[in-house]
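Enquirer: here you go, sequence then predicted model.
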Amino acid sequence: MDIQAYISSGKLELFLLGELGEREREEVVRMAKKYPEIQKELDQLQDAFLEIDQKSGIAPSDSVKNKIFKTLEADLVKEVKSPVREVSPAKVIPMQPWKTYFAAACIAAVLATFAAIYYANQYFDIDQKFTALVQEQSVLAEELNQYKVNFEKTDVQLETLLAGNFEKVSMKGDGFEIEKDALVDVWWDKGANSVFVSVNNLSSLEDQYDYQLWAIGDQGPVGIGLVNADQKFSLQQMEAVASAGTFAITIEPKGGSQSPTLEKLVVIGNVG
Amino acid sequence: MEEPQLIAGLRAKDRKTIEYLYDKYSKALFTVISRIIIDKDIAEEVFHDAFIKITRKIDSYEESKGRLYTWMSNICRNAAIDRTRSKEFSNSSKTNTIDDYVYGLESASGTSDLVDAIGVKELLDDLNEEQRFMVECIYFKGYTHSEVSEEFDIPLGTVKSRIRAAINVLKKNLGKI
């Protein structure tokens, strides 16, 4: 490469006059980087160009300067400004593109994190509510089932009462000291021999005792079942009885006895 | 102010930097324009627009492609050339010659600028006919080298070497001023 020939070709002058095409311009830039002599020539030429222009003309009128700065007014950074604003342009300019992307990525990551936390909370909340609803639903289903069972039982009892030919025998406690206001009804279908009890008013017993129903007929008292004092106004089925003149309830040890403890007679009622 | 500092200030649209730029380079840049456009009012109008363009387009300036002044002077030169080629201009004015310019400077400027006007004469001393013609075409008429080659039927390589020779003479003459 003949550097001197390159320099004296006049290409560098045209380069500085902005007359070269894109490719030739790049070539000069590349050559100047590679060969210090070419860079030196470019420097000298630029010095000369400036000096020629400086020394061979006249300055524009003063009014031009005012006009220019009036036009630029909107573009210019204000003289009185907050230190933050003064610093920020200088900060922004050296930023490399990757930093912009990095900053954008950081913002995106932070936003994504917040979104994730937000939706995780939402999910947790909803999940809790859902679990509560499922539990509530199963409780309701259980209750419903209970009502259904109760209803069916009641329905059967009603049907029993309506279908059968029952005689009501009211047993009262006003003759005895134990529970004067006790009232228990016996429902007896003499044709079918079936006996039901419905408790109207009867005190609860301690755990070691039971109320026992006795049918008293020609063969003496016969125990026909235990009565639940807490199950009020519902039919409790007892054992079948063919003949009886009197029904009575005594308090017996848990599980009932073979023969009634007469001292602990609670209520009594005669048939018919 | 060093050039990198100057460029950073321009990019930040800092008023003081732009004022510094104006004070330091306005005369040289205006010269680039007024060599091509005789009418001082039109030249100032073109200069106004070119200077605004310089401050607004500073982000497109690339340090690797030459100094700031080189870039700015090309903007001014191109603005002036564009103006001479616009319709309204070609109807009202004629293009400049060296003699018009020197004569114009001598008559238009006050005493303080007279020294510079004399400087122009000395600057253009010692140019031979060919070189003088090149300076006139490139500097005063705003021709590109390929336009000179085409219009006056001079080979492109010859145009280039004559431009270089002419600038060499101007460089030498700078020492005399």
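Expert: Sure, I can see it.
Enquirer: spatially central residue in chain B, please.
Expert: For chain B, the residue nearest the mean C-alpha position is residue B:32 (1.8 Å; C-alpha atoms, centre = their mean).
Enquirer: next up, phi/psi of it, please.
Expert: Note on residue B:32: backbone dihedrals following degrees, to the nearest 10 are phi -60, psi -40.
Enquirer: over to residue A:183?
Expert: Dihedral angles phi and psi of residue A:183 (degrees, to the nearest 10) take the values phi -150, psi 120.
Enquirer: surely it meets residue A:201?
Expert: Yes. If you go by C-beta atoms under 8 Å, residue A:183 and residue A:201 touch, sitting 4.7 Å apart. Where you see a C-beta, it was placed from the backbone N, CA and C, and this is true even at glycine.
Enquirer: chain A: strands as residue ranges?
Expert: All strands of chain A, identified by DSSP state E, fall at A:166-172, A:183-189, A:194-201, A:209-217, A:220-227, A:235-238, A:246-253, A:265-270.
Enquirer: now mean neighbour count too, for the ones you listed, in CSV please.
Expert: CSV is the format used below for the strands of chain A (neighbours: other C-beta atoms under 10 Å in any protein chain shown):
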stretch, mean neighbour count
strand A:166-172, 17
strand A:183-189, 22
strand A:194-201, 20
strand A:209-217, 21
strand A:220-227, 18
strand A:235-238, 18
strand A:246-253, 21
strand A:265-270, 20
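Enquirer: and residue A:5, which of the ones you listed is closest to it?
Expert: strand A:235-238 (128.9 Å; C-beta to C-beta).
Enquirer: quick one: contacts for residue A:251?
Expert: Applying C-beta atoms under 8 Å, 6 or more residues apart in numbering or on different chains to residue A:251 gives the contacts A:178, A:205, A:209-212, A:261, A:264, A:266.
Enquirer: and which of those is nearest residue B:19?
Expert: Closest approach between the contacts of residue A:251 and residue B:19, by C-beta to C-beta: residue A:205, at 110.4 Å.
Enquirer: can you report how many residues neighbour that closest one?
Expert: By the criterion of other C-beta atoms under 10 Å in any protein chain shown, residue A:205 has 16 neighbours.
Enquirer: so how far is residue A:245 from it?
Expert: From residue A:205 across to residue A:245, the span is 27 Å (C-beta to C-beta, to the nearest Å).
Enquirer: and the end-to-end length of stretch A:204-215?
Expert: This stretch, stretch A:204-215, spans 22 Å end to end (C-alpha to C-alpha, to the nearest Å).
Enquirer: quick check: the gap between residue B:140 and residue B:44.
Expert: Following C-beta to C-beta, the distance that separates residue B:140 from residue B:44 is 18 Å.
Enquirer: er, residue A:207 actually
Expert: Taken as C-beta to C-beta, the spacing of residue A:207 relative to residue B:44 amounts to 118 Å.
Enquirer: rewinding a little: how near is the residue nearest to the centre of chain B to residue A:51?
Expert: Distance of residue B:32 to residue A:51, computed by C-beta to C-beta: 13 Å.
Enquirer: before we move on, back to that, in a markdown table: the strands of chain A, plus mean pLDDT.
Expert: As requested, these are exported to a markdown table (pLDDT from 0 to 100):
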| stretch | mean pLDDT |
| --- | --- |
| strand A:166-172 | 92 |
| strand A:183-189 | 93 |
| strand A:194-201 | 92 |
| strand A:209-217 | 93 |
| strand A:220-227 | 92 |
| strand A:235-238 | 89 |
| strand A:246-253 | 94 |
| strand A:265-270 | 93 |
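Enquirer: for the residue nearest to the centre of chain B, which residues are in contact?
Expert: For residue B:32, the residues meeting the contact criterion (C-beta under 8 Å, 6+ apart) are A:53, A:57, B:73, B:76-77, B:80.
Enquirer: which of those residues fall in helices?
Expert: Among the contacts of residue B:32, the members found in helices (DSSP state H) are A:53, B:73, B:76-77, B:80.
Enquirer: by mean pLDDT, which helix or strand of the chain comes out lowest?
Expert: You didn't say which chain, so I picked chain A. helix A:83-92 (a mean of 48; mean pLDDT, DSSP states H and E).
Enquirer: wait, I meant chain B there
Expert: That would be, for chain B by mean pLDDT, DSSP H and E, helix B:111-123 at a mean of 58.
Enquirer: count of neighbours near the residue of the stretch 151-272 of chain A found nearest chain B?
Expert: Distance from chain B to each residue of the stretch 151-272 of chain A (C-beta to the nearest C-beta) is smallest for residue A:151, at 86.7 Å. With neighbours defined by other C-beta under 10 Å, the count for residue A:151 comes to 10.
Enquirer: now do the same contact list for it.
Expert: So residue A:151 contacts nothing (C-beta under 8 Å, 6+ apart).
Enquirer: pLDDT score for it?
Expert: Residue A:151 is assigned a pLDDT of 88 by the prediction.
Enquirer: what about it, distance to residue A:187?
Expert: Taking C-beta to C-beta, one finds residue A:151 at 20 Å from residue A:187.
Enquirer: what of residue A:176?
Expert: As judged by C-beta to C-beta, residue A:176 and residue A:187 stand 22 Å apart.
Enquirer: do residue A:129 as well
Expert: According to C-beta to C-beta, residue A:129 and residue A:187 sit 50 Å apart.
Enquirer: how about the helices in the chain?
Expert: Going with chain A. Under DSSP H, chain A gives helices at A:3-8, A:11-16, A:22-34, A:36-55, A:62-72, A:83-92, A:97-163.
Enquirer: wrong one, chain B
Expert: B:3-11, B:15-36, B:40-56, B:68-84, B:87-92, B:98-108, B:111-123, B:129-135, B:145-151, B:156-174.
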